[in-house]
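Visitor: Here is my input; please provide its structure:
(chains A and B)
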Amino acid sequence: MRRLFALAALMLMLATPAFAVDPDEMLKDPKLEARAQKLGSGLRCLVCQSESIEESNADLARDLRVIVRERIAAGDSDKTIVDYLVSRYGDYVLLQPPFKGKTLVLWVGPFVLFVVAIATAFGFYRRRTKATVPPTTLSAEEQRRLDALLKDNGAK
Amino acid sequence: MRRLLYLLPVLVLGVLALFFARGLHLDPHNIPPELIDKPVPEMSLAPLPGRGANSGLSTADLKGKVSLVNVYGSWCVSCVQEHPTLLEIKKTGIVSVHGIDWRDEPELGAAWLRRHGDPYDRVGVDPAPGRAAVDFGVTGAPETFIVDKNGIIRFKYYAGPITPDVWRDILLPRILELQKQ
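Guide: Reported below is the predicted structural model:
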């Protein structure tokens, strides 16, 4: 049984993301093809939204795969290709949004919230510990009243 | 003051809920067009077979007067839906309508026009992988661009098929405005 689990775990670890690239779309040079796959994995399929163009079977994704490969074969740099697609489809085509003014909240927001949460929790607990510290010694008047009460109680 | 601080999480939750509620009603397929106020991309599309002299579509054809550029394909279901409206638009003669036959076999694109009627002044075919369509930032068919006299893209309608209402309320006013300039 344990061996079966180990085998299942191993198979899961060895699983690679499914690519939709047809063999006939691939570039002959494996180095260029690897570049195309890496580039395409970061580009959003615009009609299926949550898949990259490398994973999607949509027609438009296929077109973009072919166009990316054409441009790589023509000697374009990764940046040129990405810039071209961003100029046509906007930042939306990038699966990882770029860091810029418009996306500042997106990138920095979680960290700011985290710091605020830590600070709030810290302040909250500190205040609570302070509140549980016993009051300082009794005044002479209070001590006298306490003694009187205790004596009174003991008498009964 | 302290008591207000306890309300803060509720307020934050409320703001987040508002954003999420709005997000539920946004269509993720509505990708805002990038090419507005930019010139029409360089293209030189091949004619459809048997369509006569006025066929093929290139960048130069879109200069000189305001025009509509409609992206269609013989495989496109919603295109059949909007086609009668395009024929009506052609009949008014207000604006010239050009077609890009996207991801299509030229023969199929031509046969489709013979079957459903031909509203276009010029048509060019953009076979797979649809280089011209990607240049235009097309994400699906039908899509329709308004191009001004100088060959600048001014508007893209991409929220489904053009209906008579869309023509009257969205496209026509913009076209008339551009024709005045």
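
Visitor: What about residue 100, how many residues nearby?
Guide: Looking at chain A here, since you left the chain open. If you count neighbours by other C-beta atoms under 10 Å in any protein chain shown, A:K100 ends up with 10. For the C-beta atoms, the positions are set from N, CA and C on the backbone; glycine is no exception.

Visitor: my question was about chain B
Guide: So B:I100, with other C-beta under 10 Å, has 29 neighbours.

Visitor: Return the residues in contact with it.
Guide: Taking C-beta atoms under 8 Å, 6 or more residues apart in numbering or on different chains, we find B:I100 in contact with B:45, B:57, B:69-72, B:123-126, B:132-133, B:136.

Visitor: Next, give phi and psi for it.
Guide: Dihedral pair for B:I100: phi -120, psi 120, per degrees, to the nearest 10.

Visitor: where's the spatially closest residue to it that is not a sequence neighbour relative to chain A, distance?
Guide: Nearest non-adjacent residue to B:I100, counting by C-beta to C-beta, 6 or more residues apart in numbering or on different chains: B:V71, 4.8 Å away. Distance of B:V71 to chain A, given as C-beta to the nearest C-beta, to the nearest Å: 12 Å.

Visitor: how far is the one helix or strand B:V71 maps to from where the chain is centred?
Guide: Using DSSP states H and E, B:V71 falls within strand B:67-72. Per C-alpha atoms, centre = their mean, to the nearest Å, the displacement of strand B:67-72 from the mean C-alpha position of its chain is 6 Å.

Visitor: And chain A, is whichever helix or strand comes after that strand touching that?
Guide: For strand B:67-72, the following helix or strand on the C-terminal side (DSSP H and E) is helix B:77-92. No - Helix B:77-92 does not reach chain A (C-beta under 8 Å from any C-beta of the partner chain); its nearest approach is 13.6 Å.

Visitor: how distant is helix B:77-92 from the center of its chain?
Guide: Centroid displacement of helix B:77-92 relative to its chain, using C-alpha atoms, centre = their mean, is 13 Å.

Visitor: Please apply the same query to stretch B:155-162.
Guide: Relative to its chain's centre, stretch B:155-162 lies at 5 Å (C-alpha atoms, centre = their mean).
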